[in-house]
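Participant: sequence below, structure please.
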Amino acid sequence: MSASTRTGLAAGLFVLPLALAVSPTRADEEGADRRVPVAVARDRAKLAHEVYVATLDSMHHHFFRRDRAVLPARALEDVFTQVGRRTGVEAKWIAVNTPAMSTDHEPKTAFEKEAAAAIAAGKDSYERVEGGVYRRAGAIPLGTGCVSCHTRFATAPDKTPRFAGLVLGVPLKGE
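Facilitator: Predicted coordinates:
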């Protein structure tokens, strides 16, 4: 992997988690007032800090080695683990409308299966509160480079937009 490729992947890994953690959904962006109360801003800043620290650790561990290359989505699973340990926020990938790249990415729970179906049907996200946990699954559009691997077992390429999903679980107080 070239130095410029490693740098690009590292930059993408550094910015993506923050965008996922603190940015509004596409539906919320148009004309939305992004100002929030201090308590929400404090919580978002703490989460963003944890995500940045975990991402930096993962980048150094996975990308600045000559002997191996790791896919960005796999490296982010280490970030999920670290952030989960520090904040209680759970995160995992799910396959939506491409083959799962790992059996761990198959939607397993009823929520994950419903979320995958909703995202495949064109929704940006799917959410539910259950068992004292706020769950949200958001669409992760797969670009051309992603699709070439994710659909390598498909018989014929098509123009269907392809997605994976990112499932987050946040424990609720008093639920």
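Participant: outline the domain layout of this protein.
Facilitator: 1-88, 89-175 (automatic domain parsing).
Participant: weakest of those domains in terms of mean pLDDT?
Facilitator: Among the domains of the chain, domain 1-88 carries the lowest mean pLDDT, a mean of 69.
Participant: CSV for the domains of the chain, including mean neighbour count?
Facilitator: Just so you know, the C-beta spots here come from the backbone N, C-alpha and C atoms, and that holds for glycine as well. Shown next, in CSV, are the domains of the chain (neighbours: other C-beta atoms under 10 Å):
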stretch, mean neighbour count
domain 1-88, 14
domain 89-175, 15
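Participant: quick one: the strands in this protein, in order.
Facilitator: Listed in chain order, the strands of the chain (DSSP state E) span 90-95, 125-130, 133-141, 163-171.
Participant: with distance to residue 106 added, can I get those strands in a markdown table?
Facilitator: As requested, these are exported to a markdown table (distance: least, C-beta to C-beta, whole Å):
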| stretch | distance to residue 106 |
| --- | --- |
| strand 90-95 | 6 |
| strand 125-130 | 17 |
| strand 133-141 | 14 |
| strand 163-171 | 11 |
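Participant: now the longest helix along the chain, how far from the centre of its chain.
Facilitator: The longest helix of the chain (DSSP state H) is helix 38-62. On the basis of C-alpha atoms, centre = their mean, to the nearest Å, helix 38-62 sits 14 Å off its chain's mean C-alpha point.
Participant: other SSEs contacting that helix?
Facilitator: helix 3-22, helix 72-87 (3 or more C-beta pairs under 8 Å, 6 or more residues apart in numbering; DSSP states H and E).
Participant: so what touches the shortest one?
Facilitator: This points to helix 72-87. Under the criterion C-beta atoms under 8 Å, 6 or more residues apart in numbering, residues 9, 12-13, 16-17, 46-47, 50-51, 53-55, 57-59, 61-63, 89-93, 101, 164 lie in contact with helix 72-87.
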